[in-house]
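Engineer: What would the 3D arrangement of this be:
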Amino acid sequence: MFGAAYIIVALQGKAFAIKQLENLTRKKVSIGYIRLTPPLNLDIVNLKIQDNLTAKSVFISPSIFSLIMGDIILNNVTIIRPELTCQRNLSKLTLPPQTAGGVVEPAALPETGITSKEAPKAQRKNPPRFIIKHLKIKDGNICFVDNAAGQNGIKINVKDLYFSITNLYVFPLSAVANFELQAKIPWQQGAKEGKIEAEGWINLYKKDIQATLKIEDIDGIYLYPYYANWVDLEKARIEKAKLNFTSNIQGLNNNVTAECHLELTDVVRKPRPSEEPQEKAEKIADAVFDIFRALNQGKILLNFTIRTKMDRPEFGFGTIKMAFEDKLAQRKDKLDFTDILMLPAKIVEGTVRGATDVSKALVEGSFAVGNEFKKALEAAFKKEKQE
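Structural biologist: Below you'll find the predicted structure:
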């Protein structure tokens, strides 16, 4: 069997693999070479898929018995040093299309006369058994280009990616697959790299998921294009901002709820010359920081919930913006701030009113808005405690 398979792979394996991958991805594919090792393990070296993916090596260890029975069960798949590029334009994210069952749709099959729309239907009538018992990705790199962020877009790189998943059924059959992921995110030159960790399980057929996600040392300045239209970092004199993010993800029947926690761990402000007047944006930032610290025992943190679909996950910075505004408003009644919903607009106008008659102070010159709000908050809490 090995001798026959070796001859077939040597003579036709490379051409056959290229043809199948081109039909699957609709991209031009090249392979350095394919080698076969006992009993029937394949090693695809220097795989390149046009504009999307390159990999130094793809090692595949199939189940011989399943091949005899007409099924495709892979005991191990190990991908070494893959580099994936995905891009989001103003309208949509460019990724390979997928069917509802998680199987990549094939391109048109001219040799059979089946169109790309009809191919999935033909597959559903008699779906193949396709199982990957253990999939590993080592030393991966992902480049995400978001042209929809800000005016000039943004590029986010993920490096040193390690991903492992077991019991992956990539055809319509219910099964629980366990996974774990670690990776690093290099931000600006000289800045500390971010860290990503995730683990949990997923059922592609039922569209169920339970997972935890943790991202440390997020560079808030690098991500500025996502929120540039509602924050002016230059005028607020914010030079550096580090954040940590955690999320507990629960999904059932395609409905996913992610309970998220975002904490600002480090803020560096640009020094302002004593003769230079304080910008309104800087005063607003001081006031907001003081309010958050007062509401969270000295910490600047934000909790919010994301609700989306597993087969069409969506997330935007608008969710964080809404949670931010809700945070400012949540203590409105207890603090007796009649216009806190208008913050920071009221600060700019100088018409803020509150428990200690902050309205007497005008927002101008060297007036410290943040300190006044802090006093107002402290006075309100003392008043509430006495009552």
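Engineer: From Phe245, how far out is the residue nearest in space to the middle of the chain?
Structural biologist: Central residue of the chain (C-alpha atoms, centre = their mean): Phe315, 8.5 Å from the mean position. Remark: distance between Phe315 and Phe245 (C-beta to C-beta, to the nearest Å) = 12 Å. (Each C-beta comes from the backbone N, C-alpha and C, glycine too.)
Engineer: Show me the helices in the stretch 151-300 of the chain, by range?
Structural biologist: Using DSSP state H, counting those that start in this stretch, the helices of the stretch 151-300 of the chain run over residues 233-236, 280-295.
Engineer: show me where the stretch 51-200 of the chain has strands.
Structural biologist: Secondary structure of the stretch 51-200 of the chain, counting by DSSP state E, counting those that start in this stretch: strands at 53-62, 72-80, 83-88, 93-94, 130-146, 154-169, 177-185, 194-203.
Engineer: all strands of the stretch 201-350 of the chain, in order?
Structural biologist: Using DSSP E, counting those that start in this stretch, the strands found in the stretch 201-350 of the chain span residues 208-219, 238-252, 255-269, 300-309.
Engineer: what residues does the first one touch?
Structural biologist: Strand 208-219 is contacted by residues 179, 185, 187-188, 191-203, 241-253, 256, 258, 310 when judged by C-beta atoms under 8 Å, 6 or more residues apart in numbering.
Engineer: Filter those residues down to the buried ones.
Structural biologist: Buried subset of the contacts of strand 208-219 (neighbour count, 16 or more other C-beta atoms under 10 Å): 179, 185, 187, 194-196, 198, 200, 202-203, 241-245, 247, 249, 251, 256, 258, 310.
Engineer: is it true that the residue nearest to the centre of the chain touches Ile306?
Structural biologist: Yes: using C-beta atoms under 8 Å, Phe315 is in contact with Ile306, at 5.8 Å.
Engineer: related to what we said a few turns ago, mean pLDDT for the helices of the stretch 151-300 of the chain: which is lowest?
Structural biologist: Mean pLDDT across those is lowest at helix 280-295; the value there is a mean of 74.
Engineer: Now find how far off-centre that one is within its chain.
Structural biologist: Centroid separation for helix 280-295 versus its chain: 28 Å, with C-alpha atoms, centre = their mean, to the nearest Å.
Engineer: helices or strands up against it?
Structural biologist: Counting contacts by 3 or more C-beta pairs under 8 Å, 6 or more residues apart in numbering; DSSP states H and E, helix 280-295 is packed against helix 233-236, strand 300-309, helix 317-329, helix 345-349, helix 369-386.
Engineer: And the ones you listed, which one averages the lowest pLDDT?
Structural biologist: Here the lowest mean pLDDT among those goes to helix 345-349, at a mean of 44.
Engineer: Distance of Arg88 relative to Lys321?
Structural biologist: Where Lys321 is concerned, Arg88 sits at a distance of 19 Å (C-beta to C-beta).
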